[in-house]
Structures are given as structure tokens and as C-alpha cells.
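Asker: Predicted model and sequence follow; I will ask about them next.
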Amino acid sequence: MNQSFFIKTYGCQMNEYDSEKLNELLKFNGYKASKNFEESDIAILNTCHIREKASEKLYSDLGRLSKFKENKAKVGKKMHIIVTGCVAQAEGDEILKRNKSVDYIFGPQNFHKLPKVLNDSKSEKVFNDFLCEDKFSSLLPSTGKEVSKLVTIQEGCDKFCSFCVVPYTRGAEFSRPLEDIYAEVSSLVKKGAREITLLGQNVSAYKSEILKDGKKVKVKLSYLCEVLSKIIGLERIRYLTSHPIDIDELLIDQHKINSKLMPFLHLPIQSGSDRVLKKMNRKHDKKFYLDLIKKIRRKNNSMAFSSDFIVGYPGETDHDFEETLDVIERVKFASSYSFKYSSRPGTPASIDNNYVNEKKADVRLKKIQEVLNNQQKEFNKSFLGKSSNVLFTGKGKKINQFVGRTPHLQPVHVFSNDDLTGQLLKVELSQLTSFSFHGKLSN
């Protein structure tokens, strides 16, 4: 009987992409997917290391899985426990010390080795080399037929923000060849994809080479978006996550001239204080960020933005926090993510002992989330009574209900007797509940 596996994914969309690829790789090698850990022979935890809670969740899940493994052993059954992803890269030896039930550790650029390792029963337990090229060349074409698909085009980061573990867990920046990405996206579109989200830890730093008139020419994300937009059947292109200093004029121009490139950009700033930005090693200041937003909006006045914010960064003063609130008030974000600073071992910020009082950080987080939520509500309200193009990705929770998204990523629910999945339709947005719209198809 074929061995079964179950993958639990923590964290970002890049982990979702990696889990999908690992799923395809295991199935290709004769393993079968199960519905949960309890029914699986191989338990795989694809981990995230961005915040402390993600690591804590891993160790909690490992404790539970250890019990499953012990119970299976009592009835003569074997279970493998595999940890992959960024925590595996950063804390591989520590995981093995804390939990003796873990069989193998694979960094995010090593999971393609898993089928071979399981088959060979290697004595080696930790696989954490930086092997971007090997990883992507080992991946199989997607078998999924989802309307909206994720495609990793770039991995790793060279920015070394002082709070971030990515350069240590994903390595230096690596960009996939343009031809490989084009082939993958073309294949996905043939299977039914209408929307593609291009992923990278620093996706705006994407760069590749193409042959033009017999010579190698360097190209960036702007050119990739232009090339992909020519694929017939592909309706929408998105990309994330970007670093402000890598958004160049050519990419901004794409947001003006490329109708398939959606007018929504996730552009993290983290803090509005120049002093904190310098401590974070963000390589830009407040003025640069605000000027960039203005420049993009001048080219495309329908552009909306989301961002990431860290409050309670070591040494953050009340004035620093007010500077962050000032950025938020000036930009008017469509949605955003905000977090209380979480120290990650091995980062420069982790040895900065100038901690912000926990209660003060909590108050700041509550304040910033209140402002950001209100901005999101106001942004959404501005669409009520208007029509928007909605790409329907599947069924809703209710009978004959379908869910899709606007160009600005807003969820929309519509009732229809016909299957709307995969269709791009005009919808009148008549009601707003929480952060989701309800509407009806326009005549």
C-alpha cells in the first residue's frame, strides 16, 4: 500500500507555493495525500520564521505529533515527522534536540530531496544547503486547476533589514529564468488559471537575462509582466512582496500601460520614522516612500496600496510612532498588516536591548490597527453602488453563492444559478459586510 502524507503550511504565500510543489512531487513518486495528520504515514510541517508565534506553534504541533507517532508504534505502524521551511533552516539542530521524534529537517531550498531521502533512509537528518537552482529545476508542472495561482519567481533577499531572518533562512537573492516562468504560467493558464500572483521575498528585485539579437540582455520585473500579459487567457497579474527601493520607472510605467497588471500594490514601509527606518536598515526614508506613492499614483490614479507596519521596535519613541501614523494618514491605505515587534534570533535587532514596554507596544498596536481598519472601511465604502470587474474563483459558503475579487483584491459574493467560476464579470457592489462585498451581476 502506498504511504500517505499530510502537509501543514504556516505563514506566507511562498510557503503555500512550496507546499503545493512538494505535494505534486510526493504524488509523482507514488505517495498519496491524506486529509489530516492522524491518517498519514508522513507528517510534514512547512514552517514560517517571521514571527515568534509561528515557531511556538511548530513546537506545539510537534508535541502532538510525537504522541501520534508513539501510539502508531504501539500497533506496529511507522510514522515519519518532517520539518521543512524557514524554521527548519534556522533552527534545524535545535528542533532535533527539543523533539526526538522528528526524522528529517529540510530547509526551504531542499524539500525536493524528500522523496529520495525517504526511499534511501539516509542516516543524515538535516538538509539545509542553499540550492535555489536545484530546487526550481526539480519541480513538476502544477496539476491544479484553480482560477488564481501563485508562482514563485524570486527567492531570498540581499537587503538585510535588521529585524528580518529571510537572508539567513532563504539565502541570497535568486531569480528564476524568464523562460521557465513563462512556461509555468502558460501551463497554468491552459489548465484554467485566469490570474497569476508572482511571488518573491523581494519580488521587485527580480532580474533575468534573455537573448536578443544574439546578445544577452538583462531584464527586470517590468519586462516579465509585459511578456506574461501577452499570454492569451491570462486576465490578471499581481506581484508581492516588494521593497520600495526596487520599484523603478519601468515597473511604474507598467502600472500605467499594462491593463492586466492590477492596480493594487503591497509596499511595506514598516515604520514612518527616519530614525527607526535607519535602525531597521531599510535603505530609504519617509520622504522617499511618500514620493514613490505619489509618483505611482500620478501614473495610475486608481492605484491602491497595502503595507506592513512594526510597532514597538527597539528604541521606538512616542514621536517615532506619531511619524508612522503620519505616513498612514497621508497615504490612506486600502488594507495593511501590523504587528508588535517580535525578536528573531540571529538578527541584528535581537541584540538591541532598548526594548519598548510591552503595555506601551500593545497600546500602539491597538491604535495603529484602529486607524488602518478605518481606512480600509472608508476605501471599501467608496465602491458601494458602483460596478467592478470581479474574477470569480469558486463557490461561497452558501448554496448557489460564488466568490471572487475586484482588481483591488476585495472579496465579492454573488448568488447565481449558473457556475461563475473562472469568469470575469461586471458586478454591482450593493452591500458591504465586514470587509466583503455582496452584489449582483450587472446587466
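Answerer: Alright, I've got the coordinates. Numbers count the residues shown, from 1 in each chain.
Asker: Report the contact partners of residue 240.
Answerer: 13, 197, 198, 199, 200, 203, 266 (C-beta atoms under 8 Å, 6 or more residues apart in numbering). No exception for glycine: its C-beta is placed from N, CA and C like everyone else's.
Asker: Quick check: PyMOL command selecting the buried ones in those.
Answerer: Of the contacts of residue 240, the buried ones go into a single PyMOL selection, burial set by 16 or more other C-beta atoms under 10 Å:
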select buried, resi 197+198+199+200+203+266
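Asker: can you give me the helices in this protein?
Answerer: For the chain, the helices defined by DSSP state H cover 13-28, 52-74, 86-98, 114-120, 132-138, 166-169, 178-190, 221-228, 249-257, 274-279, 286-299, 318-331, 358-381.
Asker: Specify the angle between the third one and helix 13-28 in degrees.
Answerer: I take that to be helix 86-98. 70 degrees (axes from the mean of the first three to the mean of the last three C-alpha atoms, to 10 degrees).
Asker: Would you mark the buried spots in helix 86-98?
Answerer: Applying 16+ other C-beta under 10 Å to helix 86-98 flags 86, 87, 88, 89, 90, 91, 92, 95, 96 as buried.
Asker: Wait, residue 392 touches residue 415, no?
Answerer: No: taking C-beta atoms under 8 Å as the definition, residue 392 is not a contact partner of residue 415, at 11.9 Å.
Asker: between the two, what contacts are shared?
Answerer: residue 402.
Asker: In this structure, where is pLDDT below threshold?
Answerer: Within the chain, the stretches with pLDDT under 70 are 1, 50-54, 121-123.
Asker: tell me the domain boundaries of it?
Answerer: Domain ranges of the chain: 4-130, 134-309, 387-441, per automatic domain parsing.
Asker: Reformat those domains as TSV; add distance to residue 351.
Answerer: Converted to TSV, the domains of the chain look like this (distance: least, C-beta to C-beta, whole Å):
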stretch	distance to residue 351
domain 4-130	16
domain 134-309	10
domain 387-441	37
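Asker: Compare those and give me the one nearest residue 356.
Answerer: Nearest to residue 356, of all the domains of the chain, is domain 134-309, at 10.8 Å by C-beta to C-beta.
Asker: ok now that closest one, how far from the chain's centre?
Answerer: Distance of domain 134-309 from the chain centroid (C-alpha atoms, centre = their mean, to the nearest Å) equals 11 Å.
Asker: who's residue 264 bridged to?
Answerer: residue 304 (DSSP bridges).
Asker: could you measure it against residue 304, distance?
Answerer: Distance, residue 264 to residue 304, using C-beta to C-beta, to the nearest Å: 5 Å.
Asker: Mutual contacts of the two, please.
Answerer: What both residue 264 and residue 304 touch, as defined by C-beta under 8 Å, 6+ apart, is the set 334, 408.
Asker: thinking again about what came up before, of residue 392 and residue 415, give the one with the bigger neighbour count.
Answerer: Applying other C-beta atoms under 10 Å to residue 392 and residue 415 shows that residue 392 carries more neighbours, namely 25 against 15.
Asker: Turn the buried residues of helix 86-98 into TSV, including distance to residue 278.
Answerer: Formatted as TSV, those follow (distance: C-beta to C-beta, whole Å):
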residue	distance to residue 278
86	26
87	29
88	32
89	28
90	25
91	29
92	33
95	34
96	38
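Asker: and which of those is nearest residue 334?
Answerer: residue 86 (27.9 Å).
Asker: Surely the closest one and residue 169 touch.
Answerer: Yes: using C-beta under 8 Å, residue 86 makes contact with residue 169 at a distance of 3.9 Å.
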